[in-house]
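Trainee: Coordinates for the following, if possible.
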Amino acid sequence: MPREVIKIMVSSTVYGFEKDLRVLCATIESYKSAEYEYKVLNSHIGTVYVAPGVSNTEACLRAVDECHFFLGIILPRYGSGITHQEFARAIVQDKPRGFLSHYSVRYARELLAQYMYTDIKGRVKNPDFEFKKTPVFEDARIIDMYNEAIQDGKPMDQRRWAHEFGHFDGDEMKFIKTEFEDINRLKADLDELARLKAIQP
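Mentor: The predicted structure follows:
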């Protein structure tokens, strides 16, 4: 009997992470059980369907709609902004999700907070703040992505975790193994989450 497919959307982060991204996606797809297997949806590896007449951005957003679990990756490069739109779509839909964040993003977030906000604790944006692209950090909107991912400003019981990586080569793979290796456990958790959402008023 064919295995049931669990679709994992890996965000469209690419630049400077191409090799790692391929390894990450292949590792997720290597985990199987007698009942289940993963299919990774990711634009870089060519597994996001682009329907005729549909833009790349819309194809990626449709992949977010289609997936069972969204994995967002935050790097110090903003790119075209498609990844940010994917994050927003997954959050609005309250998709089951997890996040990996390069350690430099947290550092930049802490360093720039005094300039980005007139009230750091309340995250009140400074209208006069301007950020110029640098070789090590591309765009202040990356910090917005991070804050959205962790649900910054929400009550603690609604906050999310963005697992930090980049200190050592391949350290993101421990998170991948922990999250996805036991496919039966993840499927049971996804089913339970769907059940709870269905009975919410």
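
Trainee: model confidence over stretch 182-197, on average?
Mentor: Here stretch 182-197 scores 96 as its mean pLDDT.

Trainee: Would you mark the buried spots in it?
Mentor: Ile183, Leu186, Lys187 (16 or more other CB atoms under 10 Å). Bear in mind the C-beta positions are built from the backbone N, C-alpha and C, glycine included.

Trainee: ok, now which ones touch the second one?
Mentor: Okay, so that is Leu186. Ile6, Phe69, Glu179, Phe180 (CB atoms under 8 Å, 6 or more residues apart in numbering).

Trainee: And the last one, by the same measure?
Mentor: With contact set as CB under 8 Å, 6+ apart, Lys187 has these partners: Glu4, Ile6, Glu35, Tyr36.

Trainee: Which of the residues you listed fall within strands?
Mentor: Under the assignment DSSP state E, those contribute Glu4, Ile6, Tyr36 to strands.

Trainee: Around the closest residue to the first one other than its chain neighbours, how many other residues sit close by?
Mentor: In this case it means Glu4. Excluding its sequence neighbours, the residue lying closest to Glu4 (CB to CB, 6 or more residues apart in numbering) is Tyr36, at 5.2 Å. Close neighbours of Tyr36, defined as other CB atoms under 10 Å, add up to 15.

Trainee: circling back to that earlier point, now, among the buried residues of stretch 182-197, which is nearest to Gly46?
Mentor: Checking the buried residues of stretch 182-197 against Gly46 by CB to CB gives Ile183 as the nearest, at 22.8 Å.

Trainee: Confirm for me that the closest one is in contact with Ile6.
Mentor: Yes. Taking contacts as CB atoms under 8 Å, Ile183 lies within contact range of Ile6: 6.9 Å.
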